[in-house]
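Participant: Sharing a model prediction with you, sequence too.
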Amino acid sequence: MKGRKSKSESKKSDTKLSVNTAPAKSSKRKAAVDPNKPKRPASAFFVFLEDFRKQFKEKNPNNKLVSAVGKAAGSKWKAMSDAEKAPYVSKSEQRKKDYEKNMDAYNKKLARGTNASENELESDKSRSEANDEEDEGSEGSGEVEDSE
């Protein structure tokens, strides 16, 4: 009985060896995503996948598995030569250029938007103060005093 453990000892050692697989709660929250921000462009493979899905659905109308489409597309993409991939690569590069233009415009708009909103607040204040002064002046000129 030297090497044997009692039931209570084996339970204690098992609990010590168990690993906590529950994910730790993160105190950090994700930043809010701006819905106006342009989406990143698709890679050459995903441009190819757009066309491949249509072809695959025509050839296999009964297949509903997304994984089957992905596996078939991946194997075909790997088998393709660089010359066959070229049209998809060029479309991808064009989309990337468009994305960069859109991001530049988006960033400029953000920069203007923060400054514009601050300027707008200041101009609203000055307008309301100017309107108050005009209202006071018009009230005084509209009244007629009787000096009899």
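Facilitator: Happy to help now that I have it. What you are looking at is a predicted structure, and each value in this text was computed from that prediction instead of being measured.
Participant: Low-confidence ranges, this structure, go.
Facilitator: The chain contains residues with pLDDT under 70 at 1-27, 114-148.
Participant: where do the strands sit along it?
Facilitator: Ranges of strands within the chain: none, based on DSSP state E.
Participant: Do a quick rundown of the helices in it.
Facilitator: 7-17, 44-59, 66-79, 82-142 (DSSP state H).
Participant: Please verify my assumption that residue 99 contacts residue 40.
Facilitator: Yes. Using Cβ atoms under 8 Å, residue 99 is in contact with residue 40, at 6.5 Å. Where you see a C-beta, it was placed from the backbone N, CA and C, and this is true even at glycine.
Participant: measure residue 71 to residue 112 for me?
Facilitator: Per Cβ to Cβ, to the nearest Å, residue 71 is found 47 Å from residue 112.
Participant: What of residue 46?
Facilitator: 32 Å.
Participant: And residue 47, by the same measure?
Facilitator: Residue 47 is 33 Å from residue 112, by Cβ to Cβ.
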